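Engineer: Got a predicted structure here, sequence first:
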Amino acid sequence: MRVFKMVSVLLVLTLAIAWMVSNSSPVSVAQDKKDVKTTSDSNITNLKVSHGLTKTAKNCVECHAKIQPGIVNDWKNSRHAHSGVSCIDCHQQPKDSPMAAQNCEGVKGTDIYVSIMVTPKTCAKCHPGEVKEFNESGHYRARIQYDLATSKHAKGKTEGLNKLYNYHETQGNEALKRASLNVGCMQCHGSIIKLDANKRPTSDTWPNAGIGTVWPDGSVGNCVTCHTRHKFDIAEARKPEACASCHLGPDHPDIEIYESSKHGQIYKAEHDTWKFDDAPGAWEPGSYRAPTCATCHMSGIGDLQPTHNVSRRLHWNLWAKVSKVRNSPDPLSMWTGEGNQGRKEMKKVCSNCHSSLHTNSFFKNGDDAVKLYNDSYFAPAEKMRKELKAKGLLKANPWADEFQKVYYHLWHHEGRRARQGSLMGGPDYAHWHGFFELMQDMYKLKDIYKARMKNGKIEE
């Protein structure tokens, strides 16, 4: 009986130890029991890293665990932490970097320089292929919108966007002329980061989640737009919600189109049973039952390699005034990409789940819708606009001119919705939010055009 009791005690102890090990954090920590709180983040603020990091790295983690426990909690559950990549590995800067500073108490007076900002140049040390592909993509071009609005590094005319952001939207309030830009456009397109005297980013250029941010070290991009800090999770970036902060709304409702598509319907019904953390190139049907944005535009599937060039598999430009097949190697061109090759690659994506008949018929119908917009809506609208302009029958302020406002909505709102809905499987956006409203725009434009040409003046 005594032996049986001893065996029972040992069994209980063994099971308890096994439970504690299986439920421990991926980063080994030591804690002082008297400091442990009862709140859910109690094990973060007292974090003590005991695995193989440098002394400086340990100090960074332990200090920030006290003042920004959420950051450290994300990091300790990341692949970076599993691999021994710590704060200092990403935030340290060469002494001659324009961002190098010692404004963190932990490095003052040392030979270590850091920055609050982590740029693609830093990410490229470990992820050079991903950064190179990004630099060839339409996401790299996102900076153009901000460049145009601020007249910096702009290609083409800047006057219209400058007036829209800096005057019309702020109604001439000089002191607040950047207000709408900073909380709106900058958060998707990015900014040109400026630094103050202490090498910290200025409030009118940072923080932002803009994919086309231009950093003081010259690099462009913002990896944390999709892989949010400090977990940088591949599973998060594969879900459609990762794209939803920017690809939404009246002018490009891509997330709404996806959610209303059959792909999105399946995703919403069962995605909690899918596997999103497979290695790049191994995330294929079976891990999921329907594609997400990343599946079609970025992921390795079939014999296609993963890519961070989101333009690579695209055929048309669906957001421009008029859609053309992509044909430029320049990432700053609105036609960046090779459209015919892109269509071949996108069809390969589709072929993993659909027959060639299904795929070819889908793209035939989508292409016809794009051509209908080009030929029957934008072309005649542009012709009327040019004729009115030639006769001086357009107001200098386009936002106070009914013809120019409807013209803008025709291509920038309704036209984009019709084209994107048609090629992304969103029937309500293709029709009711697209061609039905395009039809109404066209009738309005024709009425205004006829009246102005007949009377030789702009209506009161």
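Structural biologist: Received it, and whenever you're ready, just let me know what you need.
Engineer: what residues are up against the closest residue to Lys446 other than its chain neighbours?
Structural biologist: With sequence-adjacent residues excluded and distances taken as CB to CB, 6 or more residues apart in numbering, Lys446 is closest to Met384, at 7.4 Å. No exception for glycine: its C-beta is placed from N, CA and C like everyone else's. Met384 makes contacts with 403, 445-446, 449, as judged by CB atoms under 8 Å, 6 or more residues apart in numbering.
Engineer: ok, so what distance separates Met384 from Ile112?
Structural biologist: Here Met384 is placed at a distance of 63 Å from Ile112 (CB to CB, to the nearest Å).
Engineer: okay, the contacts of Met384 in CSV with pLDDT and secondary structure next?
Structural biologist: Converted to CSV, the contacts of Met384 look like this (pLDDT from 0 to 100; DSSP: H, G, I helix; E, B strand; the rest coil):
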residue, pLDDT, secondary structure
Phe403, 98, helix
Leu445, 98, helix
Lys446, 98, helix
Tyr449, 98, helix
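Engineer: who wins for most neighbours among these?
Structural biologist: Phe403 (25 neighbours; other CB atoms under 10 Å).
Engineer: now that one, nearest residue through space, not along the chain?
Structural biologist: In space, Phe403 is closest to Ile448, 4.6 Å off (CB to CB, 6+ apart).
Engineer: could the contacts of Met384 be laid out in a markdown table, adding distance to Lys324?
Structural biologist: As requested, those are exported to a markdown table (distance: CB to CB, whole Å):
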| residue | distance to Lys324 |
| --- | --- |
| Phe403 | 25 |
| Leu445 | 22 |
| Lys446 | 25 |
| Tyr449 | 25 |
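Engineer: Quick check: the farthest pair among these?
Structural biologist: Spanning the widest gap among the contacts of Met384 are Phe403 and Lys446, at 10.2 Å by CB to CB.
Engineer: on that earlier part again, quick one: buried residues of the helix or strand hosting the residue nearest to Lys446?
Structural biologist: According to DSSP states H and E, Met384 maps onto helix 379-390. For helix 379-390, burial by neighbour count (16 or more other CB atoms under 10 Å) applies to 381, 384-385, 388.
Engineer: So which of the residues you listed is the closest to Ala418?
Structural biologist: Checking the buried residues of helix 379-390 one by one against Ala418 (CB to CB), the nearest turns out to be Ala381, at 13.4 Å.
Engineer: Test my guess that that closest one contacts Leu445.
Structural biologist: Yes - taking contacts as CB atoms under 8 Å, Ala381 lies within contact range of Leu445: 5.6 Å.
Engineer: shared neighbours, the two?
Structural biologist: Joint contacts of Ala381 and Leu445 (CB under 8 Å, 6+ apart) are 407, 410.
Engineer: with the contacts of Met384 in mind, which one is nearest to Ser287?
Structural biologist: Nearest to Ser287 among the contacts of Met384, with distances taken as CB to CB, is Leu445, at 48.0 Å.
Engineer: Could I get the contacting residues of the closest one?
Structural biologist: Neighbouring residues of Leu445 by CB under 8 Å, 6+ apart: 381, 384, 403, 406-407, 410.
Engineer: Out of these, which comes closest to Arg238?
Structural biologist: Leu410 (34.9 Å).
Engineer: so where do the strands sit in the stretch 51-200 of the chain?
Structural biologist: Assigned by DSSP state E, counting those that start in this stretch, the stretch 51-200 of the chain shows strands spanning 92-93, 113-114.
Engineer: Can you tell me which of these is nearest to Thr359?
Structural biologist: Using CB to CB, the strands of the stretch 51-200 of the chain put strand 92-93 closest to Thr359, at 48.2 Å.
Engineer: Give the partner strands of that closest one in its sheet and their orientations.
Structural biologist: Using DSSP bridges, strand 92-93 pairs in its sheet with strand 113-114 (antiparallel).
Engineer: which other residues reach the partner strand?
Structural biologist: 88, 91-95, 97, 100-102, 104, 107.
Engineer: Alpha carbons only: can I get stretch 225-235 in PDB?
Structural biologist: C-alpha atoms of stretch 225-235 as PDB (Å, rounded to 0.1, in the frame of the first residue of the first chain):
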ATOM      1  CA  THR A 225       1.100  47.400 -42.400                       C
ATOM      2  CA  CYS A 226       0.400  43.700 -43.000                       C
ATOM      3  CA  HIS A 227       2.500  42.000 -40.300                       C
ATOM      4  CA  THR A 228       1.600  44.200 -37.400                       C
ATOM      5  CA  ARG A 229       4.200  44.700 -34.700                       C
ATOM      6  CA  HIS A 230       5.600  43.200 -32.600                       C
ATOM      7  CA  LYS A 231       4.300  39.800 -33.400                       C
ATOM      8  CA  PHE A 232       4.800  40.100 -37.200                       C
ATOM      9  CA  ASP A 233       2.500  37.100 -37.700                       C
ATOM     10  CA  ILE A 234       2.400  35.400 -41.100                       C
ATOM     11  CA  ALA A 235      -1.100  34.000 -40.200                       C
END
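Engineer: That stretch: how far from the chain's middle?
Structural biologist: 11 Å (CA atoms, centre = their mean, to the nearest Å).
Engineer: Would you mind listing the buried residues in it?
Structural biologist: Residues 225-227, 230-234 are the ones in stretch 225-235 that count as buried (16+ other CB under 10 Å).
Engineer: again, but for stretch 243-251
Structural biologist: For stretch 243-251, by 16+ other CB under 10 Å, it's 243, 246-248.
Engineer: now that stretch: mean pLDDT?
Structural biologist: The pLDDT scores in stretch 243-251 average 96.
Engineer: Pull the distance from that stretch to the chain's centre.
Structural biologist: With CA atoms, centre = their mean, you get 10 Å for stretch 243-251.
Engineer: What is the end-to-end distance of that stretch?
Structural biologist: 15 Å (CA to CA, to the nearest Å).
Engineer: what's that stretch in contact with?
Structural biologist: Under CB under 8 Å, 6+ apart, the answer for stretch 243-251 is 187-188, 209, 211, 225-226, 253-256, 293, 319, 412-413, 416-417.
Engineer: Lys383 versus Ala81, what's the distance?
Structural biologist: 60 Å.
Engineer: Might one say that Glu136 is in contact with Ser333?
Structural biologist: No - under the contact definition of CB under 8 Å, Glu136 does not touch Ser333, with a separation of 11.3 Å.
Engineer: who has more neighbours, the two?
Structural biologist: Glu136 (19 against 16).
Engineer: ok, that one - contacts?
Structural biologist: Glu136 neighbours (CB under 8 Å, 6+ apart): 309, 311, 329, 331, 336.
Engineer: and if we set it to 6 Å?
Structural biologist: 309, 331 (CB atoms under 6 Å, 6 or more residues apart in numbering).
Engineer: and what of the one 4 residues further on?
Structural biologist: Counting by CB under 6 Å, 6+ apart, Tyr140 makes contact with 220, 331.
Engineer: where in the stretch 151-300 of the chain is pLDDT low?
Structural biologist: 151-159 (pLDDT under 70).
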